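Asker: Next input, structure requested:
(2 chains)
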2 protein chains.
Amino acid sequence: MSDWNPDLYKQFEDERTRPARDLLAQVGSIPAGPVFDLGCGPGNSTELLVGRFPGAQVIGTDTSEAMLASARERLPGCVFEQSDISAWRPASPAALVYANASLQWVPDHARLLPRLFAELAPGGTLAIQMPDNRDEPTHRLMRETAALAPWAEPIGNADAKRTPMLGVGGYYDLLAPLAARVQVWRTAYQHPMADAAAIVEWVRATGLKPFIDPLPPALRASFLEAYTRRIAEAYPAHADGRLLLAFPRLFIVAQKAA
Amino acid sequence: MSDWNPDLYKQFEDERTRPARDLLAQVGSIPAGPVFDLGCGPGNSTELLVGRFPGAQVIGTDTSEAMLASARERLPGCVFEQSDISAWRPASPAALVYANASLQWVPDHARLLPRLFAELAPGGTLAIQMPDNRDEPTHRLMRETAALAPWAEPIGNADAKRTPMLGVGGYYDLLAPLAARVQVWRTAYQHPMADAAAIVEWVRATGLKPFIDPLPPALRASFLEAYTRRIAEAYPAHADGRLLLAFPRLFIVAQKAA
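Answerer: Next comes the predicted model:
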């Protein structure tokens, strides 16, 4: 994939930050040790962690240099490191491993989550939020449009970039035998959007990237046009003229015994 | 229905209070004026309101004298008034009308919600949380068991006690034309429970009441036994031996223009 666009991403930052806040609100007190923001993006979630744990060393990681540059500008006092979550290991046991909207890009959750949990200090917490919108019209219509000529061949199996989700029960089963307490829940946020183009802009910054990145400019434009037309049909206008973008997200908070 | 049992209700108070906190977390600043907790139960949500708005006059209302007595004991400094939400009107415009897990018992949401919104002072907020679990196994199995002899006749149409829900989009449509901002979302909490009997105890304090209240003791016992058996089949044990009770709830926060 091409690198991420921090400006496009920030456009919806307020709405995007709410799940990060909701996740953090379920994290209790943490022991001494570093706090990690895995997949920190432009640092909006990192900023929440610094505000909540002002005495802790907070370290953000991301694969994208553009995102890390944006995060460093935002929080000059924090450490930001380029790192792939698949290979990430902390130098010392973590007080908190926080991964907001990042693990959906990392493969093999059945191995990954117990491994991340093992990096916690006693009493530490693993806190995860992931989009769970593969079955929403936004994502169903991406796949349907990408299956059509002339886009199918250049796009290929873009959907395979996304890691299969295990469901709230599956994640509970992975962590409950290891943890002192596991909380899982799923929230379907409803974002009021001006029109179909605004919905496309939203997903363009994340889920749509693997679909449009492989396309040359002309095919990209025609794909976006076809996709936007389908989105307009799937999301009718509400009483105030706006569209409601349903965005389900899955949350996991697992605490290690002290 | 018989009066509510505050002790049974309090058993699950910690888990029950989380939605109340999640609702309150989305309420911003409020103008001068009284804060109302409509359907305050034993006062757990009222306590959250007092903590959040220490300078405000906080008034709890409920139809149940047992709940009001429990709430008065908990919060001697607050005013608690017996009142039916259908007929409730504040003496002066409200800074906040907060209704946590109560409006599902009040009919005609299409009229009720705009009426409650009209009681707000400029800049005031209407904040609502309601269980949205009619399609969950807990509630489906209540109806299925209640349709069988010998319970069907004495129970009657217990399900009619519950007001039909309008869905996140329906509530948005009611309030968006009136409000400066409307947020709607739906969260499916997942409560780890020891066994099927614990799930039955949970719903017995609320949703099951209209089903078992009309039953004489012997029929009530046989109904609960048959229902518990079905619940055990519908909720398999997880990796730690516990059952996950999925409990979806719908949230609405609407702010009036200042």
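Asker: host element of A:Gly170?
Answerer: helix A:167-175 (DSSP states H and E).
Asker: For the next helix-or-strand element following that helix, name the packing helices and strands.
Answerer: Following helix A:167-175 in sequence order, the next helix or strand is strand A:181-193 (DSSP H and E). If contacts are counted by 3 or more Cβ pairs under 8 Å, 6 or more residues apart in numbering or on different chains; DSSP states H and E, strand A:181-193 sits against helix A:13-25, helix A:167-175, helix A:196-204, strand A:243-255, helix B:167-175, strand B:181-193. From N, CA and C alone the C-beta is placed, and that goes for glycine too.
Asker: TSV please, covering those and showing mean neighbour count and mean pLDDT.
Answerer: Converted to TSV, those look like this (neighbours: other Cβ atoms under 10 Å in any protein chain shown; pLDDT from 0 to 100):
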stretch	mean neighbour count	mean pLDDT
helix A:13-25	18	86
helix A:167-175	20	97
helix A:196-204	19	94
strand A:243-255	22	97
helix B:167-175	20	97
strand B:181-193	21	96
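Asker: Adding distance to A:Gly39, write these out as TSV.
Answerer: Formatted as TSV, the helices and strands packed on strand A:181-193 follow (distance: least, Cβ to Cβ, whole Å):
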stretch	distance to A:Gly39
helix A:13-25	11
helix A:167-175	17
helix A:196-204	18
strand A:243-255	14
helix B:167-175	28
strand B:181-193	23
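Asker: For B:Gln26, find the nearest of the ones you listed.
Answerer: For those, proximity to B:Gln26 was assessed by Cβ to Cβ; strand B:181-193 is nearest, at 5.9 Å.
Asker: Please name the residues that touch A:Pro216.
Answerer: A:Pro154 (Cβ atoms under 8 Å, 6 or more residues apart in numbering or on different chains).
Asker: what's the distance between it and chain B?
Answerer: Distance of A:Pro216 to chain B, computed by Cβ to the nearest Cβ, to the nearest Å: 38 Å.
Asker: same check, this time on A:Gly43
Answerer: Distance from A:Gly43 to chain B, by Cβ to the nearest Cβ: 22 Å.
Asker: what does chain A have sitting close to chain B?
Answerer: A:21-22, A:25, A:168-169, A:172-174, A:176-177, A:182-190, A:192, A:238-240, A:242, A:244, A:246 (Cβ under 8 Å from any Cβ of the partner chain).
Asker: Please repeat the previous calculation with a cut-off of 6 Å.
Answerer: A:168-169, A:172-173, A:176-177, A:184-190, A:238-240, A:244 (Cβ under 6 Å from any Cβ of the partner chain).
Asker: In this structure A:Leu244 contacts A:Tyr189, no?
Answerer: No: between A:Leu244 and A:Tyr189 there is no contact under Cβ atoms under 6 Å: 9.7 Å.
Asker: On the three-state scheme, A:Asp37 is what?
Answerer: What DSSP: H, G, I helix; E, B strand; the rest coil gives for A:Asp37 is strand.
Asker: who's in contact with it?
Answerer: By Cβ atoms under 6 Å, 6 or more residues apart in numbering or on different chains, A:Asp37 lies in contact with A:45-46, A:49, A:60, A:98.
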